[in-house]
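3D, please:
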Amino acid sequence: KNALLLALSNKHLKTASLLIKSGIPVNTPDLKKNTPLMSATAQGNLELTRFLLKKGADVNARNFFEKTALMAAASEGHIKIAKLLLREQSRLDFRDRYGWTAWIYAAEKKQLSMVKFLSKKEFDNERNLFYAVSHGHLKVVNILLDLRVNTEIHDPQGWTPLMWAANNGHSEIVELLLKGGANINGSPVKNRNDSGWTPLMLAAGGRHIDTVKTLINKGADLGAQDKDKWTALTWAALKGHPDIVSLLADKGARIDVRGSDGATPLIWAASQGHENVVQALLIKGSNVKLKDLHGKTALAHAILQGHFSTAKTLIKHGADINQDLLYASQRGYSKMVVFLLEENAEIDHLTAQNETPLALASQGKHWETARILMEHGADPALKNSQGQTPLMSAVMTGEVRLVNIMLHHPTFGRQTSELNTTDFIGNTPLMISAVHGYLEIVKLLLELGAKVEKRNRWKESALILAASKGFREIAELLIQYGADISAEDANKKTALLRAAQNGHLFVVEMLLSQGANLHANAFDMSGEGGTPLIQAARNGHAEVLLGLLSAGAVINDLDLMFHHSALMVAALNGHGKSAGLLLDAGADPMLKDSSGRSALLLAATNNHLSVIIQLLNAGQKGDQKDSNGNGIWHLMAMSDVEKEDNESIYGSGQKEESASRIMHELVSRGVLLDTLNSAGETALMIAVKRGKVKILKNLLELGASPDVQTPDGESALTLAEASGNNELVKLLR
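Next up is the predicted model:
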């Protein structure tokens with residue numbers, strides 16, 4: 001320290017005055033950057049302070065802690081010195097290293113006169129109000145309210161002074177702010193990350209029961225909800241305050257109010273293990289069976305969080321342990337399952353769909369939960385509303401480990417009868433695994449003695465199902481275990497027919513190598529019958545067609561229902577590539593079905609124009625007619641297929657530019673537009689009768705005559721007029 005500072009620190013004021021008069025520097029600080037002015041103000045020496053200022057002392061100098069002379073004066077309550085410093089432009093807004101201003105020093109040191117003086121000079125009293133409220137300075141708050149500081153201001157997070165007072169449990173300040181006009185339920189702040197919290201919520205969550213009482217007595221809204229739809233009661237329950245929970249309930253707060261996630265106060269209390277709160281809520285009538293939006297009850301939450309004492313309390317008050325066992329099993333909560341079983345939950349309790357806990361665990365692939373349930377005696381033979389057992393549910397998941405546990409568990413009898421139990425449509429576990437392609441499960445079931453020839457409602461065997469889905473290895477394994485390769489389903493289709501129908505070449509080849517009947521011909525009332533070759537052609541499976549032809553399939557065999565050949569069904573369904581392969585292999589395009597229609601006419605019935613051209617290119621004539629005298633144009637007019645097939649006739653995969661181009665080609669090849677069928681109708685007349693505007697326009701564009709008459713003297717125009725269809729009449733005139 002220099003001489004001046006030594007004199008001041010030892011309160012040798014006369015010596016200090018002599019040193020100043022002698023010209024010693026007045027702004028020289030000590031090692032902590034304290035100046036003579038700071039020392040004089042702290043000691044309350046007004047004359048010395050005035051003398052130093054007159055000699056040029058820096059009024060806003062800051063020491064090592066960023067503290068100023070004004071802060072020192074405020075801390076000690078030296079109002080006259082503070083006035084002097086402010087006249088000399090001392091800064092009220094300066095903050096020290098800890099964020100304190102001169103005003104805060106005065107407030108913290110309870111220098112109320114200084115607080116009042118500085119508050120009148122302050123420009124940031126709203127901020128000061130937040131400080132005083134949050135730190136519990138009742139008298140300071142009173143001073144600020146006397147100065148009419150706004151009580152409805154918001155800090156950056158949207159809180160008001162009242163919210164801070166409630167949050168910190170300053171009941172007297174809460175009451176003071178309310179008298180000063182503060183909004184008891186908080187002022188909503190938009191676009192400010194507003195939580196929606198009210199002072200009551202903050203007090204309840206902070207366990208400030210006196211503050212809660214004050215707010216309730218002053219009319220706070222007990223039902224107010226924050227952005228998550230939580231109330232003060234929800235917050236008190238979550239935080240574990242039974243006294244406040246009871247108080248709020250007694251004052252009329254809704255006990256089972258739900259948050260945005262569907263959880264009630266009871267659920268939140270249970271999830272945190274607040275047993276006293278749980279008891280308080282149950283005493284007040286909280287519904288123990290309510291669930292949140294995730295299906296979890298208070299009991300489920302308590303158990304999952306390990307709050308077993310709380311869980312037992314809930315059970316004593318009527319929690320549905322059976323429903324929660326179903327929930328826990330479905331989600332694989334093994335520890336919860338064990339706890340509930342120990343609490344005597346019904347192990348085979350059923351859902352509305354007759355699902356048991358074991359079935360739900362199986363469906364969820366929860367092998368450990370399933371094992372626990374079986375060890376506790378769960379019945380693996382019980383069926384759900386679809387007739388499925390837990391084993392079937394396990395099989396449908398494809399989880400080998402789960403199925404293995406069930407099959408090899410001591411409580412599961414592996415008698416043939418259990419392995420071959422069927423659901424309501426007749427499927428066994430083996431059939432279910434076969435149709436889903438679960439090879440390892442199929443192996444497991446076969447090794448344990450599952451019957452390979454069981455049939456479902458549609459007379460499908462495991463082999464037929466596997467073949468229809470293309471699972472070659474499973475189909476081959478089933479044959480090794482004695483599956484009948486010639487077995488037929490309800491539509492007389494064998495495994496080979498189903499495989500060909502669905503385009504599974506590898507399965508087709510395997511079945512043929514095992515001796516499947518290449519010439520089997522299914523009689524299907526729906527029109528989906530025929531030989532394997534016809535099945536493949538109907539669905540456009542070109543590679544399967546080639547394989548079957550190579551194996552010796554008879555190319556011109558007909559189905560037993562409509563007498564369709566492979567070429568006919570390919571043409572009927574617009575499969576140009578398949579039709580081309582069949583033509584190249586020698587298929588007879590002149591064969592006719594039971595309606596007298598050839599492949600060419602069948603292509604016309606579904607508007608497959610490119611296939612028509614393909615057949616014409618193969619030498620077919622365009623004037624063919626069916627047994628009713630209908631030609632190409634008649635059948636196209638009758639077609640329910642509005643959109644013409646634009647597939648390239650050259651088989652390159654390219655698309656024709658327009659359908660009318662192919663139609664023009666038909667006309668140029670001599671396919672007459674105005675021929676009459678056996679009923680004396682032209683294609684144009686049929687289009688009119690059926691209201692087919694698009695084909696009507698095409699026919700007129702191509703040159704069809706609207707004047708041709710039936711034997712009864714009707715023309716396309718008169719038919720249109722009789723129908724009342726003005727659009728058609730306008731087109732024909």
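
my read: residue 95 touches residue 66, true?
Yes. Taking contacts as Cβ atoms under 8 Å, residue 95 lies within contact range of residue 66: 7.1 Å. C-beta: built from backbone N, CA, C; applies to glycine.

Against residue 395, how distant is residue 549?
For residue 549, the distance to residue 395 equals 38 Å [Cβ to Cβ, to the nearest Å].

just the helices in the stretch 251-400 of the chain please.
265-272, 275-283, 298-304, 308-316, 321-331, 334-342, 357-363, 367-375, 390-397, 400-408 (DSSP state H, counting those that start in this stretch).

so residue 66 touches residue 97, yeah?
Yes. With contact defined as Cβ under 8 Å, residue 66 and residue 97 form a contacting pair (4.7 Å).

Look at residue 549 and residue 395 and report which has more neighbours.
Neighbour totals were compared for residue 549 and residue 395, and residue 395 leads with 31 against 20 (other Cβ atoms under 10 Å).

Looks like that one contacts residue 433 (just checking).
Yes. Taking contacts as Cβ under 8 Å, residue 395 lies within contact range of residue 433: 5.0 Å.

backbone phi and psi for residue 715, please?
Torsion angles at residue 715 (phi, psi; degrees, to the nearest 10) stand at phi -120, psi 170.

Quick one: neighbours of the closest residue to residue 400 other than its chain neighbours, just the number.
Excluding its sequence neighbours, the residue lying closest to residue 400 (Cβ to Cβ, 6 or more residues apart in numbering) is residue 440, at 4.7 Å. Neighbours of residue 440 under the rule other Cβ under 10 Å: 14.

Show me what the strand or helix carrying residue 440 is packed against.
Element membership for residue 440 (DSSP states H and E) is helix 439-447. With contacts defined as 3 or more Cβ pairs under 8 Å, 6 or more residues apart in numbering; DSSP states H and E, the packing partners of helix 439-447 are helix 400-408, helix 429-436, helix 472-480.

Show me what counts as buried in the first one.
Of the residues in helix 400-408, those buried under the neighbour-count criterion (16 or more other Cβ atoms under 10 Å) are 400, 402-403, 405-407.

Pull the residues that contact it.
Residues from elsewhere that reach helix 400-408 (Cβ atoms under 8 Å, 6 or more residues apart in numbering): 362, 365-367, 370-371, 374, 380, 390-391, 394-395, 412, 414, 438, 440-441, 444-445, 448.

With mean pLDDT and distance to residue 168 as added columns, please give the helices of the stretch 251-400 of the chain in a markdown table.
Output for the helices of the stretch 251-400 of the chain, formatted as a markdown table (pLDDT from 0 to 100; distance: least, Cβ to Cβ, whole Å):
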| stretch | mean pLDDT | distance to residue 168 |
| --- | --- | --- |
| helix 265-272 | 98 | 22 |
| helix 275-283 | 97 | 22 |
| helix 298-304 | 95 | 30 |
| helix 308-316 | 95 | 30 |
| helix 321-331 | 95 | 40 |
| helix 334-342 | 95 | 39 |
| helix 357-363 | 95 | 49 |
| helix 367-375 | 94 | 47 |
| helix 390-397 | 94 | 55 |
| helix 400-408 | 91 | 55 |
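
For residue 708, which of these is the nearest?
Counting by Cβ to Cβ, residue 708 lies closest to helix 390-397 out of those; the figure is 62.4 Å.

how far does stretch 602-619 stretch from start to finish?
16 Å (Cα to Cα, to the nearest Å).

list the buried ones in it?
Neighbour-count burial for stretch 602-619 [16+ other Cβ under 10 Å]: 602-616, 618.

Then stretch 17-34?
Under the neighbour-count criterion of 16+ other Cβ under 10 Å, stretch 17-34 has 17, 19-20, 24, 26, 29-30, 34 buried.

cool, and stretch 114-124?
Buried positions in stretch 114-124, judged by neighbour count with 16+ other Cβ under 10 Å: 114-119, 122.

Can you pull the poorly scored residue ranges out of this structure?
Under the criterion pLDDT under 70, the flagged ranges of the chain are 1, 187-193, 411-417, 641-659.

For the nearest residue to residue 623 once chain neighbours are set aside, give me phi and psi.
Closest residue in space to residue 623, ignoring its immediate chain neighbours: residue 631 at 6.6 Å, by Cβ to Cβ, 6+ apart. Main-chain dihedrals, residue 631, degrees, to the nearest 10: phi -100, psi -170.

again, but for residue 709
Recorded main-chain torsions at residue 709 are phi -120, psi 150, according to degrees, to the nearest 10.

Can you spell out which helices and strands pack onto the helix or strand that contains residue 545?
Here residue 545, judged by DSSP H and E, is contained in helix 542-550. With contacts taken as 3+ Cβ pairs under 8 Å, 6+ apart, helix 542-550 sits against helix 505-513, helix 532-538, helix 576-584.

10 Å instead?
helix 495-501, helix 505-513, helix 532-538, helix 566-572, helix 576-584 (3 or more Cβ pairs under 10 Å, 6 or more residues apart in numbering; DSSP states H and E).

and the second one with helix 542-550, angle?
Which is helix 505-513. Calculated by axes from the mean of the first three to the mean of the last three Cα atoms, to 10 degrees, helix 505-513 forms an angle of 20 degrees with helix 542-550.

picking that back up, doesn't residue 683 make contact with the residue nearest to residue 623?
Yes. Counting by Cβ atoms under 10 Å, residue 631 sits close enough to residue 683 to count as a contact (7.8 Å).

what residues are shared contacts of the two?
672-673, 675-677 (Cβ atoms under 10 Å, 6 or more residues apart in numbering).

Farthest-apart pair in those, please.
By the measure Cβ to Cβ, 673 and 677 form the most distant pair in the shared contacts of residue 631 and residue 683, at 12.9 Å.

Distance check, the residue nearest to residue 205 when sequence neighbours are not counted against residue 246.
In this structure, residue 205 finds its nearest non-sequential neighbour in residue 235, 3.8 Å apart by Cβ to Cβ, 6+ apart. Per Cβ to Cβ, residue 235 is found 14 Å from residue 246.

Look at those two and report which has more neighbours.
Remark: of residue 235 and residue 246, residue 235 carries more neighbours, 25 against 18, as counted by other Cβ under 10 Å.

which residues does the more buried one contact?
197-198, 200-206, 226, 241, 244-245, 248, 265, 268.

Only C-alpha atoms, please: export stretch 479-490 in CSV.
Coordinates of the C-alpha atoms in stretch 479-490 are reproduced here as CSV (Å, rounded to 0.1, in the frame of the first residue of the first chain):
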residue,chain,number,x,y,z
ILE,A,479,-41.5,-85.1,-49.1
GLN,A,480,-38.7,-86.8,-47.3
TYR,A,481,-41.0,-87.2,-44.3
GLY,A,482,-43.6,-88.8,-46.4
ALA,A,483,-45.7,-85.9,-47.7
ASP,A,484,-48.1,-87.0,-50.6
ILE,A,485,-46.8,-85.3,-53.7
SER,A,486,-50.1,-86.0,-55.5
ALA,A,487,-52.4,-84.6,-52.7
GLU,A,488,-55.0,-82.1,-54.0
ASP,A,489,-56.5,-79.1,-52.3
ALA,A,490,-60.3,-78.2,-52.5
